[in-house]
Each structure stands twice: as C-alpha cells, then as structure tokens.
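> show me the folded form of this:
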Amino acid sequence: FWLKLRCPPTPPWSPRNESAMGQAGQQRTRQKKIANGKKTKMVKSTVEKKTPKLRKKIQPGQVLILLAGKFRGRRVVFLKQLESGVLLVTGPYALNGVPLKRVNQRYCIATSSKVDVSGADCKSITDAYFAREKSTKGVKTQEKFFATEMPKKVLPQEKKDGQKKLDDSIVKGLQNDMKSYLKSRFSLSANMYPHELKF
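Below you'll find the predicted structure:
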C-alpha cells in the first residue's frame, strides 16, 4: 500500500511565500476613497443672540460698585444698557477719575442710592464708540524693536469734550454728601461680611 505523505505547510516566513506576502501586504495597505466628490456646504447657525435681561435693581441713575477691573471698588453712575448687553457707566470722571466705560452687570453691586441723570444725553453712545482703531503695521526697524518707551494712546478731543459735557450735566444736581460718597472707594475691613451688608 502506498502511503500518502502529507507535507507540512510552508511557514509564512519561508522564501517561497515572500512574493505572496508582499502582494498581500500591498493589497492591505491600499487606501480607497469612499467620498462621492461632492463639496459640503457650511450652514450658518440662525440662532440670534439675545441681550441679557437687566436686573430689576439696576435703573438709570443707580449708583453701582465695581467689583473687577482697573477701577474695582469705585462707585459709578449707571446710564443705560447697550445693545451688546453690557452697562454704560461713568464716574463721573471729574469726581473719581472713572471715565465712560462698559461694565458687565455680573461684576457690579447695585446700591440703594440714586442720582438724577435726566439731563445727561447719552443716546449717541453705542458699542461702536468703544471700538479700537485699527493700527497700521509699519516697517520694522532696529530702533523700534529696541525702543523702551511704548507710544502713548491719546484720546481724541471729541471724546474728551463729550465726557466733560456728560459729567457736567450729572454733577450739577449732586449734593456735597453725594459727591463725597462717589469719591470714596468701597472696601471691607475686619468683622465686615458682604452678605450681611445692606447696599
């Protein structure tokens, strides 16, 4: 009887299967593009940004205490709410050095004191009033690179006149005790707790 001897299978690393392995490896590494070639269009969101609601305690002429920023602790007078939702306030600048600025109502404490601002005309002041001017980049030189003093930003004369005119209309109706109140800075001392204070 003839016995059929079964030869063991050749291992994959044998030289016989090098060509097969190479072809199989190349086939596996082929990348196929499934996209149909159509360009996708970006869809703009149609959700409109709503201005946040103004707190009931904050009304035109209300004295606010700033809690953040360069003038934190200062008392300012609220004028109106701008379209972006921030508050337009003033020191006035002649009393405490706080100019016309925008403030987030989250970083303000509304006090019970109020000032008459009926004579103050701030209709022309919008968010565009505070827009930064685009600076033109000039040619970089060695003198500009090693300059120690940065050029100071000068406020336009129109804004200075508008600030003075607005402050004069507010300061006219203030009494001496209210002027001293606006000049003073708010701060906490020992044994003073903000949740127990009545503003």
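> what about the chain, any weak spots by pLDDT?
Residues of the chain meeting the criterion pLDDT under 70: 1-48, 134-151.
> how about the strands in it?
With strands called from DSSP state E, the chain shows them at 62-66, 75-81, 87-90, 101-103, 108-114.
> can you lay out the ones you listed as a markdown table showing distance to K123 and mean neighbour count?
Using the backbone N, CA and C atoms, a C-beta is placed for each residue, glycine as well. Formatted as a markdown table, the strands of the chain follow (distance: least, CB to CB, whole Å; neighbours: other CB atoms under 10 Å):
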| stretch | distance to K123 | mean neighbour count |
| --- | --- | --- |
| strand 62-66 | 19 | 21 |
| strand 75-81 | 9 | 22 |
| strand 87-90 | 11 | 23 |
| strand 101-103 | 16 | 18 |
| strand 108-114 | 21 | 15 |
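> looking at these, which is closest to M178?
Among the strands of the chain, the nearest to M178 by CB to CB is strand 108-114 (7.3 Å).
> distance check, L95 against T126.
Separation of L95 from T126 (CB to CB, to the nearest Å) stands at 25 Å.
> can you pull out the helices in this structure?
Taking DSSP state H as the test, the helices found in the chain are 18-28, 93-96, 142-145, 157-171, 176-183.
> so who does P156 touch?
With contact set as CB atoms under 8 Å, 6 or more residues apart in numbering, P156 has no partners.
> I'd like the numbering to begin with 11 instead of 1 from here.
In the new count, where the first residue is 11, that last one comes out as P166.
> please tell me how far it sits from Q173.
11 Å.
> about what we covered before: so L105 and T136 - more neighbours on which side?
Ranked by neighbour count (other CB atoms under 10 Å), L105 and T136 place L105 first, with 22 against 13.
> show me what contacts the nearest residue to that one once chain neighbours are set aside?
The spatially closest residue to L105, leaving aside those adjacent along the chain, is L192, at 5.0 Å (CB to CB, 6 or more residues apart in numbering). Listed by CB under 8 Å, 6+ apart, the contact partners of L192 are 73, 85-87, 101-102, 105-106, 184.
> dump those to JSON lines, plus distance to P204.
What follows is the contacts of L192, written out as JSON lines (distance: CB to CB, whole Å):
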{"residue": "V73", "distance to P204": "17"}
{"residue": "R85", "distance to P204": "15"}
{"residue": "V86", "distance to P204": "18"}
{"residue": "V87", "distance to P204": "22"}
{"residue": "G101", "distance to P204": "23"}
{"residue": "P102", "distance to P204": "26"}
{"residue": "L105", "distance to P204": "24"}
{"residue": "N106", "distance to P204": "21"}
{"residue": "L184", "distance to P204": "26"}
